[in-house]
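> quick one: sequence and predicted model below, then my questions.
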Amino acid sequence: QDAATATAAAAAQAAIQKAAQRHVVVLATGGTIAGAGASAMNSASYTAAKVPVEQLLAGLPEVQEVARVTGEQVFQIASESFTNAELLTLAKRVSELAKQADVDGIVVTHGTDTMEETGFFLNLVVQTDKPIVLVGSMRPGTAISADGALNLLNAIGVAASGDAAGKGALVVMNDEIHTARDVAKLINIKTGAFVSQWGPLGMVVEGRNYWFRAPIKRHTTGSEFNIDEISELPAVEIAYSYGNVAPTVVEALGASGVKAIVHAGTGNGSVPNRIVPKLTELSEKGTIIVRSSRVPAGFVLRNAEQPDDKYDWVVAHDLNPQKARILAAVALTKTQDTKELQRIFWEY
Ligand SMILES: NC(=O)CC[C@H](N)C(=O)O
């Protein structure tokens, strides 16, 4: 028994040492994980995107046991202010690093507000099997029970582990490993903010990954999209529906010349009677209409609630409106054909 225990302990130690030799690059973009508040009591009132990556890593000496880590400050912003320009810059940098033989994994520190959008974008366009792990925090490092340190340590550990390879872009938060494709920020204020409606892929406990499932949708090396060939993203905007919604927003979006409108519909992607003729008019003129839902779980069925075949609309499958925006923009870099766009929405 003792011999077996000693052998297992030695094997675990050897695995840790091997992982510690792996090189993980931390690309820092800002958010609460780099936030600072006035006092330890400030868990929700603070300034995001203050602390530079060197300081984040210096405050976490434990990472040296997990990987050889280098930091790079890409941006220092709150993630609600991300634009397509930041998405492109970041994805191109991730792609470059992934091609380097001396890089084993990439971590992106990010504000939590739009982490699901950036994560899904990287999942779609970076052609690599190396782990890409997004991480953030809900409390700034200055707060009591700040969650950033363990989240970052876990993210670096996942990025350094061989077992995270080939699973696409991941989000590691609150001890859970999620596919960036499924995960969404569904709770604000609380540290358990991120939920995947189809469940997390696994958990990290005491530096070890425990996997329970793998993504089935196309991503990274299985994707037909490549950031190295994308220099611009077309304008795609979201129109939100609710009782008494006026056609003003849809009309303004149409007039602005957007390439696609994601309709964040009610229920199963239902569209108010006043909005339907506005959207059909736009799709007849060539604007792509993607029917999504403001309901955070479930999925939109083609030709249920609205005759998508007749109107030549696309349904967003289970993607929430903000993720549907990302996929529509990426897909439109390759095709304007609605049948092709619908295929892409089923497959990714
Ligand atoms: N918890 C957070 O990271 C939110 C901070 C900020 N709004 C952002 O998304 O960057």
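Received the coordinates, thanks.
> pLDDT of the longest helix anywhere in the chain, averaged?
Identified as the longest helix of the chain according to DSSP state H is helix 2-20. Averaged over helix 2-20, pLDDT sits at 76.
> and stretch 190-209, by the same measure?
97.
> how long is that stretch end to end?
23 Å (C-alpha to C-alpha, to the nearest Å).
> same thing with stretch 241-257?
20 Å.
> for that stretch, what is the average pLDDT?
Per-residue pLDDT over stretch 241-257 has a mean of 97.
> and for stretch 111-126?
99.
> export that stretch to PDB, keeping only CA atoms.
Presented in PDB, the C-alpha positions along stretch 111-126 are these (Å, rounded to 0.1, in the frame of the first residue of the first chain):
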ATOM      1  CA  GLY A 111     -13.100  41.500 -18.500                       C
ATOM      2  CA  THR A 112     -16.000  39.200 -17.900                       C
ATOM      3  CA  ASP A 113     -18.600  41.300 -19.600                       C
ATOM      4  CA  THR A 114     -17.800  40.200 -23.200                       C
ATOM      5  CA  MET A 115     -15.400  37.300 -22.500                       C
ATOM      6  CA  GLU A 116     -17.900  34.900 -24.100                       C
ATOM      7  CA  GLU A 117     -17.800  36.900 -27.300                       C
ATOM      8  CA  THR A 118     -14.000  37.100 -27.500                       C
ATOM      9  CA  GLY A 119     -13.700  33.500 -26.500                       C
ATOM     10  CA  PHE A 120     -16.100  32.300 -29.200                       C
ATOM     11  CA  PHE A 121     -14.300  34.400 -31.800                       C
ATOM     12  CA  LEU A 122     -10.900  32.800 -30.900                       C
ATOM     13  CA  ASN A 123     -12.600  29.400 -31.000                       C
ATOM     14  CA  LEU A 124     -13.800  30.100 -34.500                       C
ATOM     15  CA  VAL A 125     -10.700  31.700 -36.100                       C
ATOM     16  CA  VAL A 126      -7.500  30.500 -34.500                       C
END
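> what distance separates that stretch from the centre of its chain?
3 Å (C-alpha atoms, centre = their mean, to the nearest Å).
> now the longest helix of the chain: buried residues?
Ala19 (16 or more other C-beta atoms under 10 Å). To be clear about C-beta, it is placed using only N, CA and C from the backbone, and glycine gets the same treatment.
> hey, where'd the strands end up in the stretch 101-250 of the chain?
Per DSSP state E, counting those that start in this stretch, the stretch 101-250 of the chain carries strands over the ranges 105-109, 132-135, 169-173, 176-179, 183-185, 194-196, 202-205, 208-211, 236-240.
> turn these into TSV, including distance to Ala328 and mean neighbour count.
Formatted as TSV, the strands of the stretch 101-250 of the chain follow (distance: least, C-beta to C-beta, whole Å; neighbours: other C-beta atoms under 10 Å):
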stretch	distance to Ala328	mean neighbour count
strand 105-109	22	29
strand 132-135	21	29
strand 169-173	18	31
strand 176-179	19	24
strand 183-185	17	24
strand 194-196	21	21
strand 202-205	29	17
strand 208-211	31	14
strand 236-240	5	20
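> mind listing what Gln127 touches?
Ser95, Ala98, Thr220, Thr221, Ser223, Asn226, Ile227, Asp228 (C-beta atoms under 8 Å, 6 or more residues apart in numbering).
> can I have the buried ones of the residues you listed as a PyMOL selection?
A single PyMOL command selects the buried members of the contacts of Gln127 (16+ other C-beta under 10 Å):
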select buried, resi 95+98+220+223+226+227
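> show me the shaky parts of the stretch 1-150 of the chain.
For the stretch 1-150 of the chain, the stretches flagged by pLDDT under 70 are 1, 15-18.
> residue in it nearest to the ligand?
The nearest approach of the stretch 1-150 of the chain to the ligand comes at Gly111, 1.7 Å away (C-beta to the nearest ligand atom).
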